[in-house]
Structures are given as C-alpha cells and as structure tokens.
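*Asks:* Kindly generate the corresponding structure for this input.
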Amino acid sequence: MKTGFEANIGKFYLYKYLRGLWIPAAIWTLYLLARNFNYTQIGFTDIAFAAVIILFEIPSGAFADLVGRKYSVCLGYFLIAISSLFIGLTGKFSFIILALAIFGLGETFVSGAANALIYDTLKILKKEKLYAKIDGRANALFSFGSVCGAFIGAYLFSINISFPYYLGAVVFALAGLSFLAMKEPNQRTAKYNIKEHYTQMIEGCKYVKGHPKVKWIIAFSSIIATIFGYQIFIVSPALTTFGFDVKYFGFLFALIWGIEAIVFWNAHKILDYLGEKKALFAVGIIYAISFTILSMVNFWLALLFIIISYFGRGLFHPVRNNFIQKRIVSSHRATTLSIQSFATSLLSIIATLILSKLTDLLSISKVYLIVGILALVATIVLYLTYPKK
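*Replies:* Next comes the predicted model:
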C-alpha cells in the first residue's frame, strides 16, 4: 500500500473523479431557462461568477501558496457546496446571482491549488516528466465522472429541476474532503500574516511579468478557454434547437465526455508526437472548424462537431497544464495559475456580455459562426506571436 507522497497520485485521481461528477453540469442552462431566464440574464449569471473570480483569484492563489493547497481546495469546495444547495432552493434572479458569486469565490480557492500540489508532489518524487500523463489520466477520470453525472443530472432534472443541485452539493463536499486527505508538499511552518500575503501576490505578478512564455500561455489559454466557454454555455439549448430530445441528454453527454476521456487519457502521447506548440495550435484549429460547421444547422453534422469540439478540450487541458507547470517555480505555482485563471475570467466577462446579447438578438447558429471566425483569427495571431526565447 502506497503512503505519503506516492499516495497523493491515487488520491488526486479520486478527487478528479468526484470533481467531474458535477451533477448539474449538463442541465445548467436548461435549469435557468426553466426558471424563465433569457439568454442575456443567463449571461449575467456567468458574469457574476467571473467577476468574483477576478476579484479574488490572485489573493486566493497567494493564500494557497502561503497556507497550504489542500486547505485552500477544501475551503473552496465547502463554499461551492453551499452555493449549489442555494441554487436548488431558489429561482429568483438576484438570489442566483448571489449563489454564483459564492460559487465563484469557492472556485478561486480551488483554481490552481490542486494542480500545484500534484505537480510539486511529482517534483519531490522526481517524476515531474510524468505530469502530462498523470494530469491527462486524472482529467480522463474527470470526464468519466461527468458521464456519470450527466445521466444522474438529466434523470433527476426530469423529476424535479432542483434535485441535481441538492445531490451536487453533497458531491462537492465529498470532493473537498477527499483532497484534504492529500499530503502537503513544501509545508510551511511560519505563521500567516496579511503583509506576507500581499508580498506573495506582488512577487507572483512580477514573476509572470518577467517570463515571456508564461505570459504567452496565459494569453493563449485565456482566449481558447473563453471561446470554449461559449460552447459550455450554449450546448444544451443548441442541441434542443437542432432537434435533440432533453430526455436523451444523459446518453449524449455520456458519449461526448466518454470520447473526451479517451483523449485526456492519451493526450501525453499526442503531446509527445506533435510537440507543445503544434498540439496547442491544433486545438485552436479544431475549435475554429467545429464552431464554423456548427453554424450550419444540420442535426447530424452539428452533433458530430459538438463531439469534435470536446475532443479539442480533451487535448487542450493536459497540454496547457504541462506547458505552464514546467515553466514556474514551486513558491509561485498556485499564484501563477491563479493569474492565468484571472485573465480567463476577465476575458470571459467581456465575451459573455457580447455573445449572450448576440444570441438573443441573432440566433445560436449565427453566433457559432462568429465564434468560429474569432477562434481562427486568435489562433493565427497567437501562432505568429509565439515567443522564441
């Protein structure tokens, strides 16, 4: 039986499965539509979530580096569990906004801290070269959890639209407790204080500013994550627009996330074959093609390219994570990853304001075309600006 830092890997796999078992994920937009929200209002819920992340992402990353990553993750999931319970209990716009603000706050304590802990674990074990493989397999378990969650969430939604959120609260709490069982690398003995927290944030920002490739990957991941964020936002109503029955959502998302899990599991092989730069740009091209094709409203074609877009996400996360983790030091790891999340959230607010309004004014298919063009332009620009040093 593995103990100590070796056991962290197995515990990380368990945590990722529970994190993936996001019961309400497949029905989030449908839930708000059932509560009589329009797309602009739904967009504002995402903005509330992202705005809180912008405010607290870097401070929470510094908190994780100073106090401990496992305590940060556990605190985050405690807040997320409360938020999920609150969402299920109320359908009022103002209360949903408040609940998502709490959710966003919780997510800031989780973001960066979990991956920072497992990468530093691998450094202690002298296995950091296996990070892409381990992270990919952990994300595969995340997707497998999502498959299970899709079935459960869709079924519970058909009984009562609030039930997925009640069960989701329990699962989120379990995810936090599972991470608390991890062994903390680089455990600090100094007492926490506000001045040191502020210094950690400032030094982390300076660290990012001085590293061109870290800045580049933060820009790349922010743009790509924001573009795919629209897919997550709109995929459920898009499927209903294409003629897909809600009662079959569980089966469809099981297929989508099952394929994504296979890609996650083998992402390190694709990375070894293509190399970092080509693998990252392959994701951008996949998104550009997928969203452009999705603008052509054809049921089977749309279904195929929704699946292909998730194939892109399955490749993106392990490659992105491996790229940035190799280029940051342990003392600023969670802070740097939080800066990355901060940039994504800031861009997400701008994109959500525009795209949600356009979805109300135009149509889902037309906005898909706009996103496809944006993905292509962004990919070309980022390819041309890749730092050589």
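
*Asks:* measure F95 to P24 for me?
*Replies:* Distance, F95 to P24, using Cβ to Cβ, to the nearest Å: 16 Å. In this view, the C-beta of every residue, glycine as well, is placed from N, C-alpha and C.

*Asks:* More neighbours: those two, which one.
*Replies:* A direct count of neighbours by other Cβ atoms under 10 Å for F95 and P24 places P24 higher, at 26 against 13.

*Asks:* Report the contact partners of that one.
*Replies:* Neighbour list for P24: Y31, S84, I87, G153, P164, Y165, G168 [criterion: Cβ atoms under 8 Å, 6 or more residues apart in numbering].

*Asks:* On the C-terminal side of whichever strand or helix holds Y131, identify the next helix or strand.
*Replies:* Taking DSSP states H and E as the criterion, Y131 maps to helix 131-159. Following helix 131-159 in sequence order, the next helix or strand is helix 163-180 (DSSP H and E).

*Asks:* and R327, which of the three is it?
*Replies:* coil (DSSP: H, G, I helix; E, B strand; the rest coil).

*Asks:* Need the phi and psi values for it.
*Replies:* phi -110, psi 10 (degrees, to the nearest 10).

*Asks:* low-scoring stretches of the chain, by residue?
*Replies:* Across the chain, the stretches falling below the confidence threshold (pLDDT under 70) are 1-3, 186-194, 233, 246-247, 250, 297-299, 389.

*Asks:* Tell me who's in contact with the residue most central in space within it.
*Replies:* Centroid-nearest residue in the chain, with Cα atoms, centre = their mean: A225, separated by 7.9 Å. Contact analysis of A225 by Cβ under 8 Å, 6+ apart lists F316, T344, S348.

*Asks:* do that again at 10 Å, thanks
*Replies:* Neighbour list for A225: I232, R313, F316, H317, R320, Q340, S341, A343, T344, S345, L347, S348 [criterion: Cβ atoms under 10 Å, 6 or more residues apart in numbering].

*Asks:* again with L21
*Replies:* So L21 contacts 141-142, 144-150, 152-153, 167-168, 171-172, 174-175 (Cβ under 10 Å, 6+ apart).

*Asks:* Helices - which of the contacts of A225 land there?
*Replies:* Among the contacts of A225, the residues falling in helices (DSSP state H) are I232, R313, F316, H317, R320, Q340, S341, A343, T344, S345, L347, S348.

*Asks:* tell me how far the helix holding Y131 is from the chain's mean position?
*Replies:* 13 Å (Cα atoms, centre = their mean, to the nearest Å).

*Asks:* still on that earlier bit, buried ones only from the contacts of A225, please, as a ChimeraX command.
*Replies:* To isolate the buried ones among those in ChimeraX, judged by 16 or more other Cβ atoms under 10 Å, type:
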select :313,316,317,320,340,341,343,344,345,347,348
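
*Asks:* what's the closest of the contacts of A225 to T40?
*Replies:* Nearest to T40, judged by Cβ to Cβ, of these is S348 at 15.7 Å.

*Asks:* May I see the buried residues of the helix or strand containing L32?
*Replies:* Using DSSP H and E, L32 maps to helix 28-34. Neighbour counts over helix 28-34 (16+ other Cβ under 10 Å) mark W28, T29, L30, Y31, L32, L33 as buried.

*Asks:* returning to what we had before: how about the contacts of P24 in TSV, adding distance to A113?
*Replies:* Formatted as TSV, those follow (distance: Cβ to Cβ, whole Å):
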residue	distance to A113
Y31	28
S84	20
I87	23
G153	26
P164	26
Y165	24
G168	21
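
*Asks:* tell me which of those is nearest to I9?
*Replies:* G168 (26.2 Å).

*Asks:* can you pull the contacts of the closest one?
*Replies:* Shown in contact with G168 (Cβ under 10 Å, 6+ apart): 21-25, 80-81, 83-85, 87-88, 149, 152-153, 156.

*Asks:* which of those residues are buried?
*Replies:* Neighbour counting with 16+ other Cβ under 10 Å marks 21-25, 80-81, 83-85, 87-88, 149, 152-153, 156 as buried within the contacts of G168.

*Asks:* Apart from its neighbours in sequence, what residue is nearest G284?
*Replies:* Nearest non-adjacent residue to G284, counting by Cβ to Cβ, 6 or more residues apart in numbering: T379, 3.1 Å away.

*Asks:* So the one you found versus G149, what's the distance?
*Replies:* Distance check for T379 against G149: by Cβ to Cβ, it reads 31 Å.

*Asks:* And I308, by the same measure?
*Replies:* Distance from I308 to G149, by Cβ to Cβ: 22 Å.

*Asks:* repeat for W216
*Replies:* 34 Å.

*Asks:* neighbours around I159, how many?
*Replies:* 9.

*Asks:* likewise the one 5 residues further on?
*Replies:* Residue crowding around P164 was assessed by other Cβ under 10 Å; the count is 28.

*Asks:* That one is in contact with F157, isn't it?
*Replies:* Yes - the pair formed by P164 and F157 meets the contact definition of Cβ atoms under 10 Å, at 5.6 Å.

*Asks:* Name the residues contacting each of these two.
*Replies:* Between them, P164 and F157 share the contacting residues I23, P24, A26, I27, Y31, judged by Cβ under 10 Å, 6+ apart.

*Asks:* these two touch, right, the third one and F151?
*Replies:* Pointing back at A26 there. Yes - contact criterion Cβ under 10 Å: A26 and F151 qualify, at 8.8 Å.

*Asks:* Those two - which one has more neighbours?
*Replies:* A26 (30 against 16).

*Asks:* That one: what's it in contact with?
*Replies:* Counted by Cβ under 10 Å, 6+ apart, A26 has contacts 146-147, 149-154, 157, 164, 235-236, 239, 246, 249-250, 252-254, 256-257.
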